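Visitor: structure for this input, please:
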Amino acid sequence: MADKLGGEGLIRELCNGFEVLMDKAKGVITIESLKRNSALLGLQGLRDDELVSMVQEGDLDGDGALNEMEFCVLMFRLSPKLMEESQFWLEEALEEELKNAGF
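Guide: Numbers count the residues shown, from 1 in each chain. A predicted model of the protein is given here:
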């Protein structure tokens, strides 16, 4: 997916995914909003305990919900291919910076 979208496109798609899953009133993904909207992503078969685990795994600040940053971090962690590609983009950006700095 990242190959087709590029870095910015991938981030845009992650943000769109967050918007789909979030509780519109609270501005975060809650267990309830994930359960309610999971069918949109083909995840309707997940049990409640699996949904709770997903939120807990990504909930870095312990508030019981996922903000946009936590969601994006979780999506990268759950996809090794995205992690590999993000490592490549980071290395490429560092090389460019070093080149521009005369190294």
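Visitor: and the closest residue to residue 22 other than its chain neighbours, how many residues sit next to it?
Guide: Distances taken as C-beta to C-beta, 6 or more residues apart in numbering put residue 29 closest to residue 22, at 5.0 Å, once the chain neighbours are dropped. (C-beta placed from N, C-alpha, C; glycine too.) Neighbour count for residue 29, taken as other C-beta atoms under 10 Å: 27.
Visitor: how about low-confidence regions in this protein?
Guide: 1-8, 10, 80-93 (pLDDT under 70).
Visitor: next, give phi and psi for the residue most central in space within it.
Guide: Closest residue to the average C-alpha location of the chain: residue 72 at 2.3 Å, with C-alpha atoms, centre = their mean. Backbone torsions for residue 72, taken as degrees, to the nearest 10, come to phi -60, psi -40.
Visitor: now it: how far from residue 32?
Guide: 21 Å (C-beta to C-beta, to the nearest Å).
Visitor: same deal with residue 17?
Guide: Following C-beta to C-beta, the distance that separates residue 17 from residue 32 is 17 Å.
Visitor: which of these two has more neighbours?
Guide: Shown here are residue 17 and residue 32; by other C-beta under 10 Å, residue 17 has more neighbours (18 against 13).
Visitor: just checking, the more buried one touches residue 68?
Guide: No - using C-beta atoms under 8 Å as the test, residue 17 is too far from residue 68 to be in contact (9.9 Å).
Visitor: quick one: contacts of stretch 59-74?
Guide: The contact list for stretch 59-74 (C-beta atoms under 8 Å, 6 or more residues apart in numbering) reads 11, 14-15, 17-18, 21, 23, 26-31, 54-55, 57-58.
Visitor: in it, what's buried?
Guide: 59, 65, 66, 67, 68, 70, 71, 72, 74 (16 or more other C-beta atoms under 10 Å).
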